[in-house]
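S.K.: Could you work out the structure for the sequence below:
(2 chains)
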Amino acid sequence: MAKVVVVTSGKGGVGKTTSTAALGAALAQSGANVVVVDFDVGLRNLDLVMGAERRVVFDLINVVQGDAKLSQALIRDKRIDTLSLLPASQTRDKDALTPEGVQKVIADLREKFDWVICDSPAGIEKGAVMAMRHADIAIVVTNPEVSSVRDSDRIIGLLDAKTEKAENGGRIEKHLLLTRYDAGRAARGEMLKTEDVLEILSIPLLGIIPESEEVLRASNLGSPVTLLNPTSAPARAYIDAARRLRGELVEVVVPLERKGFMGRLFGRKVA
Amino acid sequence: MALVLAPETPLPGWLTALDAQIERSPSFFDNRPVVLDLAGLPREQPDIEGLMGQLEARGIRVIGTEGAHPSWQGVETWGRPLPSGGRATREVTPPDETSRRPTTPEPASAEPSGLLIDHPIRSGQSVVFEKGDVTIVGSVSSGAEVIAGGSVHIYGALRGRAIAGFAGNPRARIFCRRLDAELLAIDGVYQVSDDMDAKLRGRAVQAWLEGEAMRITALD
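M.R.: Numbers count the residues shown, from 1 in each chain, chains lettered A, B, ... in the order given. The predicted structure is shown next:
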């Protein structure tokens, strides 16, 4: 049974697209058939982060409006053949998404794939609601700072009100993915503590992704961080999060970069 | 505390606006004493005698008038006229409810006296219940609000707004297990976070009205 996942946050710039690509690649590496869908119509980015921007012919809007077949719009990843991308349109806006069209596309993707991961646009308007509408599972991406936490709280409220599952009396499964976590700043008390974020949002924790230059480097090179450098701290955190998403019990630890005195001291033992 | 209603000309238009107001907040005038300020009406106002009937038909309880022209017949029997120059002790702005989703369907009979919600109230959500107490089993997030005609009980952290007794009930109270509220209000008397005693932050508290002042004390 296919699982539809929405990666959402309310606030922009917290790492939705990066997380979509990294989790999608991690799930695909374990052998599952995965498609990542860019719902950020008009501001598409997922194709860049996946390194597929020069292979886009048709997009989500073409499929929604019936101008292209789903198989024409899907782009298979060159590195992992179980990973596909359905890009967004850059020239249109969110109004081009129709509820019926989106429903049909998601239903068709459910037939073809094990995981359908939807990268939501920021905000709480039509685009974000369309992206979450048919999801079974929501991954709420949050940075450990107050504005991001409040926006995530708002999005959780929408997930409980505006998704198909919620409207049918069910409850959508929600997970918190804490990104851009800086262990140094957390130790100095300059960031919200993980416990505080969890207490406010009261949804289970999927993973903690450390702030790392590796993430930026991967985006600029057009590769999910879990493929570019699977042993880096953020990649290991994403791979663990993907395992938890599959239902495995993996203890949540904050992976550290293997450098600096402490890193060298403990890094060797593991390696 | 009384509300002051000041009818304006033309009267039919003013009554239509009043109806729209009542439609938005059906129990806004429930049990609220109302003073009519008639100074805004001209001496030759037609059908002044019918005004009282119009208001009674809407369930508005007039306790007195002021500013009535001495030539008007029968106006002195409308409640008891107050000494002139009386004014509302505060401005009353009824909450705009058009943007709120209804939280309770109105049953035909046996109206519930309380509303119980057993999930957290998230930022941006608003719970409005005019008929009585609201009990929340869970937290109320920053940017969320709970509005009750009666008392508000929160078994969790209160980080948003709690408004109790909003239809004119000064005996309503607010209880929460952890105070971190943005705003507390009872019958229109409010306190924002900055006004609250820092020592109460994070504690279980209750808030109530003592005259026109809000008191907040720890429960533990």
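S.K.: Quick check, A:Q90 in contact with A:R44.
M.R.: Yes. In this structure, A:Q90 is within contact of A:R44 by Cβ atoms under 8 Å, at 5.0 Å. Heads up, the C-betas are built off the backbone N, CA and C, glycines and all.
S.K.: in chain B, which spans are helices?
M.R.: B:11-24, B:48-57 (DSSP state H).
S.K.: Pick the most buried one from those helices.
M.R.: Of all those, helix B:48-57 has the most neighbours on average by mean count of other Cβ atoms under 10 Å in any protein chain shown, namely a mean of 15.
S.K.: Contacts for it next, please.
M.R.: B:5, B:7, B:11, B:15, B:34, B:36, B:41, B:62, B:72-75, B:78 (Cβ atoms under 8 Å, 6 or more residues apart in numbering or on different chains).
S.K.: redo that, cut-off 10 Å
M.R.: B:5, B:7, B:11-12, B:14-15, B:18, B:29, B:34, B:36, B:38, B:41-42, B:45, B:47, B:60-62, B:65, B:68-69, B:71-75, B:77-79 (Cβ atoms under 10 Å, 6 or more residues apart in numbering or on different chains).
S.K.: mind giving me JSON lines with the helices of chain B and columns for mean pLDDT?
M.R.: Shown next, in JSON lines, are these (pLDDT from 0 to 100):
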{"stretch": "helix B:11-24", "mean pLDDT": "82"}
{"stretch": "helix B:48-57", "mean pLDDT": "78"}
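S.K.: Quick one, which of those helices gets closest to B:V127.
M.R.: helix B:11-24 (16.8 Å; Cβ to Cβ).
S.K.: Any regions of the stretch 151-271 of chain A where pLDDT drops low?
M.R.: A:255-271 (pLDDT under 70).
S.K.: Strands along chain A, start to end?
M.R.: Using DSSP state E, the strands found in chain A span residues A:3-8, A:34-38, A:75-76, A:83-86, A:115-119, A:137-142, A:173-181, A:205-210.
S.K.: cool, chain B as well?
M.R.: B:3-5, B:33-37, B:61-66, B:114-117, B:126-129, B:133-137, B:145-148, B:152-158, B:161-164, B:174-179, B:183-186, B:189-192, B:205-210, B:213-218.
S.K.: Could you export those strands to TSV, including columns for distance to A:A161, mean pLDDT and mean neighbour count?
M.R.: What follows is the strands of chain B, written out as TSV (distance: least, Cβ to Cβ, whole Å; pLDDT from 0 to 100; neighbours: other Cβ atoms under 10 Å in any protein chain shown):
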stretch	distance to A:A161	mean pLDDT	mean neighbour count
strand B:3-5	35	77	17
strand B:33-37	37	77	20
strand B:61-66	38	76	18
strand B:114-117	13	94	16
strand B:126-129	12	94	21
strand B:133-137	16	96	20
strand B:145-148	16	95	25
strand B:152-158	19	97	23
strand B:161-164	19	96	26
strand B:174-179	24	96	22
strand B:183-186	23	95	22
strand B:189-192	28	92	15
strand B:205-210	29	96	19
strand B:213-218	32	95	14
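S.K.: any chance of those in TSV, plus distance to chain A?
M.R.: Output for the strands of chain B, formatted as TSV (distance: least, Cβ to the nearest Cβ, whole Å):
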stretch	distance to chain A
strand B:3-5	34
strand B:33-37	37
strand B:61-66	38
strand B:114-117	12
strand B:126-129	10
strand B:133-137	12
strand B:145-148	12
strand B:152-158	8
strand B:161-164	14
strand B:174-179	10
strand B:183-186	16
strand B:189-192	17
strand B:205-210	18
strand B:213-218	20
